[in-house]
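> structure for the following, please:
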Amino acid sequence: MATDRLRRFLPPALSGYQRSWLRADVLAGASLAAVAIPEAMGYSSIAHVPFGAGLYSLIVPAIVFALVGASRLLVVGADSATAALLASGIAGLGVVGLQRDSAEWLAWAGLIALVTGGLLLIAWVLKLGFLGDFLSTSVLVGFLAGVGVLVLTEQIPGMLGLPKHDVTGVVNKWIAVLGDLRDVHWPAMVFAGITLVGLIAVKRFRPSLPMPIMVVVGSIVAVMAFDLDRWVPTIGPVDAGVPSIRFPPLSEVVAHFPTVLTISFGCLLVILAQSAATARSFAQRHGDAVDVNRDILGLSAANVSAALTGSFVVNGSPTKTAIVDQQRGRTQVANLTMAMVTLLVVAMASGPLGQLPDAVLAAIVFVVGVELIDWRGFVRIWKIRRVEFVIAVLTTGAVIGFGVLTGIVAAMVMSLLQINRRQYRPERFVVGVGDHGQRRYQSVKPGRQTMPGLIVFRYDADLFYANVGRFSDDVIGLIKAAPDPVRWLVLDCSVISDVDYSAATVLRNLIDYVHSVGAHFVLAGVTPELRESLETARVMADVSADSVYPGVGSAVRAFEAAYPAG
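The predicted model follows:
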């Protein structure tokens, strides 16, 4: 009884928890921490914030999401895409004297996390989770690939032991690296090479091994045992004490708030698209309920907590969530375990972490960047839909050429253009009837008809100002080119749910034209919503009551009864 009462107070992500799951959850959380800790430090380098900020993203934000969110498995923490977006956005603020990896830079990152949390809260209140759907899969693949190119490009100097030049643009950065090749630091390159070989080999042959933490621990032990810090640059002291809450001066916040809001909105879109897709896919895989809106609330709380605990924007991670799933984790207890392990590392091992070679961390982040480029995803998009492949490539180019912030805006615009294109140029068919009554859908071409005297026209989109002209031209063209005089023009409305004012005006003119050539204008499959729209626009006044049928089949049978063959 006491256990049952306790379960009633559990958060959604832990509801129905069974004691038998505990061992698997704890082991999955420990395995997750082994991968997440070095990657979080890498994401700190991408965002140009102190390393401790990345570690903090795995503690309080993860705990907060576990207690507030609904997803049983979604892992929340620092993320490469939002980290790159942060770095690009803060660099573009133009704040005088603002330096990367400084406390002031982290203050701006914290402010953006706070604003992002606020936007997510608004999205939760207004149930705006659908905004994430405006980044289509093809656009998201292209966006992440562009981020991957930027990320791996940033790591090349660190892997080679070269200084980082203050230049912008991928091409300029590669030119700078090529110009410094004579100054390659060989010990650093050896560490980077061993790290790359280890990560790639283990991922291919033994993916269950937590290679990132093995590489980190091994390289730190080597540096400390043989005093290699004299020969190999290390990341230096990791400030992982009690986090301090710090935001930029109010006057600067007011001056730059429009840009901060733009960066935060970009983070919002990436979080909604990536987290919702991840939570939904893993929930469906295990038959769990999906509550995207509750997850948005959890992500809002996680980002606010990140801002208040010395961290930066956090996001749901598909790769880390996959690790929990592969290790048979069942609930957010795995993520709570990761948070506790990270807390122990922060409290007890921040000193040794400072002995981590720069080249090793750069190599770990380089692999993260490479993995963001979904080559197989590009191939699948190419095979299925060439237009979406072009959109994915253009999105990648926008991110690489103009930066992550501009890239996310371009990604959203391309997604919207993709939606509009499908509405503007939807599929259109002449519905034919086979010898045994089965339907055939034939692309619209002049001269096609359903049967002598009958044309059944299907238009797979709502009618609105941008596509109604093309719709009207298609119908008139079919009537003029019909092999037999048209007696009935049947509009299959099964996909049409709405008609705007401009479309209603054109539709009334089209009905007058059909009647002028001695044919009946017939509607089939009219939904209640469409009927209400047509009645409001006074279109139904031009269509007789006996010219509306529940479906195409009944309309065809009525035509055959009115005009028997032969």
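> quick one: low-confidence parts of the chain?
Low-confidence regions of the chain, defined by pLDDT under 70, span residues 1-10, 132-134, 240-241, 434-437, 566.
> ranges for the strands of it?
Listed from the start of the chain, the chain has strands (DSSP state E) covering 75-77, 315-317, 428-433, 439-443, 454-459, 488-492, 520-524, 548-549.
> and among these, the most buried is which?
Highest mean neighbour count of the strands of the chain: strand 75-77, a mean of 32 (counted as mean count of other CB atoms under 10 Å). Heads up, the C-betas are built off the backbone N, CA and C, glycines and all.
> list the contacts of the closest residue to W174 other than its chain neighbours.
Nearest non-adjacent residue to W174, counting by CB to CB, 6 or more residues apart in numbering: T153, 6.7 Å away. Residues in contact with T153, defined by CB atoms under 8 Å, 6 or more residues apart in numbering, are 170, 173-174, 369.
> please apply the same query to P248.
Contacts of P248 (CB under 8 Å, 6+ apart): 95, 104, 107-108, 111.
> in a markdown table: those, plus neighbour count.
Converted to a markdown table, these look like this (neighbours: other CB atoms under 10 Å):
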| residue | neighbour count |
| --- | --- |
| V95 | 17 |
| E104 | 17 |
| A107 | 23 |
| W108 | 26 |
| L111 | 23 |
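> and the residue lying closest to L228 once chain neighbours are set aside, how far from V190?
Nearest non-adjacent residue to L228, counting by CB to CB, 6+ apart: A222, 6.1 Å away. Per CB to CB, to the nearest Å, A222 is found 11 Å from V190.
> with G110 instead?
Counting by CB to CB - G110 and V190 are separated by 37 Å.
> the more surrounded of these two?
Using other CB atoms under 10 Å as the criterion, G110 and V190 rank with G110 on top: 26 against 14.
> returning to that earlier point: what is the nearest of the contacts of T153 to M348?
Of all the contacts of T153, M348 sits closest to G369, with 30.3 Å by CB to CB.
> the closest one reaches A145, doesn't it?
No: G369 is beyond contact range of A145, at 9.9 Å (criterion: CB atoms under 8 Å).
> of the contacts of P248, which belong to helices?
Per DSSP state H, helices hold the following members of the contacts of P248: 104, 107-108, 111.
> distance to P483 added to the residues you listed, as a markdown table?
Shown next, in a markdown table, are the ones in helices among the contacts of P248 (distance: CB to CB, whole Å):
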| residue | distance to P483 |
| --- | --- |
| E104 | 76 |
| A107 | 74 |
| W108 | 70 |
| L111 | 69 |
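> what's the closest of these to V75?
L111 (24.6 Å).
> once you drop chain neighbours, what's closest to that closest one?
Nearest non-adjacent residue to L111, counting by CB to CB, 6+ apart: F247, 5.1 Å away.
> test my guess that that neighbour contacts A109.
No: using CB under 8 Å, F247 is not in contact with A109; the gap is 10.1 Å.
> more neighbours: these two, which one.
More crowded of F247 and A109, by other CB under 10 Å: A109, with 28 against 15.
> how close does the more buried one get to N303?
Separation of A109 from N303 (CB to CB) stands at 11 Å.
> list residues touching both of the two?
Taking CB under 8 Å, 6+ apart as the contact rule, A109 and N303 both touch V313.
> my guess is V548 meets G525, correct?
No: at 9.7 Å, V548 does not count as touching G525 under the criterion of CB under 8 Å.
> now do the contacts for E427.
For E427, the contact set (CB under 8 Å, 6+ apart) comprises 443, 460.
> OK, contacts around P258?
Contacts of P258 (CB under 8 Å, 6+ apart): none.
> enumerate the positions of the longest helix seen in the chain that are buried.
The residue-count maximum for a helix in the chain (DSSP H) belongs to helix 250-286. Using 16 or more other CB atoms under 10 Å as the test for burial, helix 250-286 gives 252, 256, 259-260, 263-280, 282-283.
> residues contacting the closest residue to T395 other than its chain neighbours?
Excluding the flanking residues, the one nearest T395 by CB to CB, 6+ apart is G142, at 3.2 Å. When contacts are counted by CB under 8 Å, 6+ apart, G142 touches 391-396, 399, 411.
> so which of these is the closest to I46?
Among those, and counting by CB to CB, the member closest to I46 is V399, at 13.8 Å.
> from A145, how far out is the closest one?
To A145, V399 is 8 Å away according to CB to CB.
> most surrounded residue in the contacts of T153?
Neighbour counts for the contacts of T153, by other CB under 10 Å, peak at G369, which reaches 22 neighbours.
> residue contacts, it?
G369 makes contact with 80, 147-155, according to CB under 8 Å, 6+ apart.
> do L120 as well
Going by CB under 8 Å, 6+ apart, L120 touches 268, 271, 296-297, 299-300, 303.
> not counting sequence-adjacent ones, nearest residue to it?
Once flanking residues are discounted, L120 sits nearest to S300: 3.6 Å by CB to CB, 6+ apart.
> do you know how far that neighbour is from L121?
Remark: distance between S300 and L121 (CB to CB) = 4 Å.
> do A66 as well
18 Å.
> more neighbours: which of these two?
Comparing A66 with L121 by other CB under 10 Å, the one with more neighbours is A66, at 26 against 17.
> export the contacts of G369 to JSON lines and tack on distance to I46?
Listed next are those as JSON lines, based on distance: CB to CB, whole Å:
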{"residue": "S80", "distance to I46": "6"}
{"residue": "V147", "distance to I46": "9"}
{"residue": "G148", "distance to I46": "11"}
{"residue": "V149", "distance to I46": "13"}
{"residue": "L150", "distance to I46": "9"}
{"residue": "V151", "distance to I46": "6"}
{"residue": "L152", "distance to I46": "10"}
{"residue": "T153", "distance to I46": "11"}
{"residue": "E154", "distance to I46": "7"}
{"residue": "Q155", "distance to I46": "9"}
